[in-house]
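*Asks:* Can you look at this prediction? I've put the sequence above it.
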Amino acid sequence: MGTWVELINGWILPVAVAPVIGSFCGVLIRRLPAGRPIATGRSACEACGHVLRPAELFPILSFLLQRGRCAACGAAIAREHLFIECAALAVAIAAALLVPGGPFLWLTCMLGWWLLTLAWIDARTYRLPDALTLPLVLAGLAEAALLEPASVTDRAAAAALGFGLFWLVGFAYRRARGREGLGLGDAKLLAAAGAWCGIAALPMIIFTAAVLALLWALFLRLRGVAVTATLRLPFGPFIAAAAWIAWLRP
């Protein structure tokens, strides 16, 4: 009996609830940038307005059973919903495989889901909303205060340094090119990464994010996309991925 309880508390429950969390992340991703209500708006078909019944709200499963179509009008449901829920599930599985169970696993999943939401929003809108980046900074500092009080000063300094570095880079780019290069959203996200991972991890986070961005640019080039100095490339997804990798490091 004890083994089953440990398994459920260890990794089964986080993995089981991950698609539900992913469904909520999808709500944030689609509604927050548009200024739509998060908690009060009912889920409905975007084509006909049909309010979804409870049986149509099971993450992943409902999409598959309905073959990706609205039960009322037959219109195609955006696959983005399914992809976000699967991505949230992948975050939980990766966390379960790489970190010990218990509170630290839940903390790792929470950070991964938060970063996933920010990365997806930036990829869709080229924006990183303060409503998610600033609380993430505070959450990182709160985690340090509660679980590693000795690291609070380091984490706070890392947040300030991360923001300052990217603010300076963005300022220099604007002065040199006369247009936006790195936005304040990227600086705030790096501040959040510093608040969670500390000063020692900042160089690795920046380097990893830059490498991931270069690899993505290479992929786009191979797909026939013209990669020029004017190509808009959201940097938030790469910072988010690099931050989570840094957090997962033993």
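*Replies:* Perfect, thanks for sending it. Numbering: from 1, shown residues only.
*Asks:* C-alpha only now, for contacts and for neighbours.
*Replies:* Fine.
*Asks:* Identify each buried residue in the helix ranked longest in the chain, please.
*Replies:* As assigned by DSSP state H, the longest helix anywhere in the chain is helix 152-177. Using 16 or more other CA atoms under 10 Å as the test for burial, helix 152-177 gives 152-164, 166-167, 170-171.
*Asks:* Please apply the same query to stretch 122-130.
*Replies:* Buried, per 16+ other CA under 10 Å, within stretch 122-130: 122-123, 126-129.
*Asks:* what mean pLDDT does the strand or helix carrying Arg30 have?
*Replies:* Take DSSP states H and E as the rule and Arg30 turns out to sit in helix 13-31. Averaged over helix 13-31, pLDDT sits at 92.
*Asks:* List the buried residues for that helix?
*Replies:* 14-15, 18-30.
*Asks:* How is this protein partitioned into domains?
*Replies:* 1-104, 126-250 (automatic domain parsing).
*Asks:* highest average neighbour count across those domains?
*Replies:* Compared across the domains of the chain, domain 126-250 shows the largest average neighbour count, a mean of 18 (mean count of other CA atoms under 10 Å).
*Asks:* how far out from the middle of the chain is that one?
*Replies:* Chain-centre distance of domain 126-250: 12 Å, with CA atoms, centre = their mean, to the nearest Å.
*Asks:* Same check on stretch 118-130?
*Replies:* Using CA atoms, centre = their mean, the offset of stretch 118-130 from its chain centre is 9 Å.
*Asks:* Also stretch 35-44?
*Replies:* In terms of CA atoms, centre = their mean, the gap separating the centre of stretch 35-44 from the centre of its chain is 20 Å.
*Asks:* who's in contact with it?
*Replies:* Contacting residues not belonging to stretch 35-44 are listed as 27-28, 31-32, 50-52 [CA atoms under 8 Å, 6 or more residues apart in numbering].
*Asks:* Looking at the buried residues of helix 13-31, which one is closest to Ala187?
*Replies:* Relative to Ala187, the closest of the buried residues of helix 13-31 is Ile29; by CA to CA it sits at 19.9 Å.
*Asks:* Check which helix or strand the nearest residue to that closest one once chain neighbours are set aside maps to.
*Replies:* Excluding the flanking residues, the one nearest Ile29 by CA to CA, 6 or more residues apart in numbering is Ile121, at 5.4 Å. With elements taken from DSSP H and E, the one containing Ile121 is helix 103-125.
*Asks:* how about stretch 205-218 as PDB, C-alpha atoms only?
*Replies:* The C-alpha coordinates for stretch 205-218 follow below in PDB (Å, rounded to 0.1, in the frame of the first residue of the first chain):
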ATOM      1  CA  ILE A 205      20.800  30.300 -19.600                       C
ATOM      2  CA  ILE A 206      21.900  33.100 -21.900                       C
ATOM      3  CA  PHE A 207      24.300  30.800 -23.900                       C
ATOM      4  CA  THR A 208      21.700  28.000 -24.200                       C
ATOM      5  CA  ALA A 209      19.000  30.400 -25.300                       C
ATOM      6  CA  ALA A 210      21.300  31.900 -27.900                       C
ATOM      7  CA  VAL A 211      22.300  28.400 -29.200                       C
ATOM      8  CA  LEU A 212      18.600  27.300 -29.400                       C
ATOM      9  CA  ALA A 213      17.700  30.500 -31.300                       C
ATOM     10  CA  LEU A 214      20.500  29.900 -33.800                       C
ATOM     11  CA  LEU A 215      19.400  26.300 -34.300                       C
ATOM     12  CA  TRP A 216      15.900  27.500 -34.900                       C
ATOM     13  CA  ALA A 217      17.100  30.100 -37.400                       C
ATOM     14  CA  LEU A 218      19.100  27.400 -39.100                       C
END
